[in-house]
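# Below are the sequence and a predicted model; questions follow.
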Amino acid sequence: MTVNLIVIGKLKEDYLRKACDEYIKRLSRYCTFELHELNEYRLSDNPSDKEIENALLKEAENIKKYARGYIIPMCIEGKQISSTELSQNISNALLSGNSTVTFIIGSSFGLADEIKSMGNFKLSMSKMTFPHQLARVMILEQIYRSFQISDGGKYHK
């Protein structure tokens, strides 16, 4: 199985990069992991709605180059689920013939509707707002936790 994580923007903080690296290392026991860090489209200091929409469309074109398999865009209008439900969702994707599960984290302005509509399942981590860099660490931890749950590991309590 391959887990594909597509993110808009690069990690700037060393401590977040180290946390991501740790979960990616742990995931290597369960899957092939691919990370695609795509450039965030540059916007003016006070962008108009049209400028934001154009940026999201340009980011979507890059995202589509890497999105494959069972696609899970992370967006505010997605469904909030438990760790156990995420584990089941990933397992079900595999059982239905998908060898790749792709998670997508957009920019601070989110994802284009086109990317959201490509999704097999839209995921929301919380009603709270998190920095996208922290969201990356959080989803990596949850993916690792999902494999531990499926494997009957002791990590999930």
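Received it, and whenever you're ready, just let me know what you need. Computed from a prediction, not measured in an experiment: that's the story for all the values here. Residues are numbered from 1 along each chain as shown.
# could you pull out the strands for the chain?
Counting by DSSP state E, the segments of the chain that form strands are 2-8, 32-38, 70-79, 100-105, 123.
# Redo those strands as TSV? Include mean neighbour count and distance to Glu61.
Every C-beta, even on glycine, is put in place using the N, C-alpha and C of the backbone. What follows is the strands of the chain, written out as TSV (neighbours: other Cβ atoms under 10 Å; distance: least, Cβ to Cβ, whole Å):
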stretch	mean neighbour count	distance to Glu61
strand 2-8	23	12
strand 32-38	15	10
strand 70-79	19	15
strand 100-105	23	13
strand 123	19	22
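# how about the ones you listed, which one is nearest Leu86?
Shortest separation from Leu86 across the strands of the chain is recorded for strand 123, at 7.6 Å, computed as Cβ to Cβ.
# Ile143 and Asn4 touch, don't they?
No: when contacts are counted by Cβ atoms under 8 Å, Ile143 is not listed as touching Asn4 (10.7 Å).
# Quickly list what's touching both of those two.
Both Ile143 and Asn4 are in contact with Phe103, where contact means Cβ atoms under 8 Å, 6 or more residues apart in numbering.
# Could you dump the strands of the chain into JSON lines with distance to Glu22 added?
Rendered in JSON lines, the data for the strands of the chain read as follows (distance: least, Cβ to Cβ, whole Å):
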{"stretch": "strand 2-8", "distance to Glu22": "15"}
{"stretch": "strand 32-38", "distance to Glu22": "12"}
{"stretch": "strand 70-79", "distance to Glu22": "20"}
{"stretch": "strand 100-105", "distance to Glu22": "17"}
{"stretch": "strand 123", "distance to Glu22": "22"}
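# Of all the ones you listed, which one comes closest to Tyr23?
When the strands of the chain are ranked by distance to Tyr23, counting by Cβ to Cβ, first place goes to strand 32-38 at 9.0 Å.
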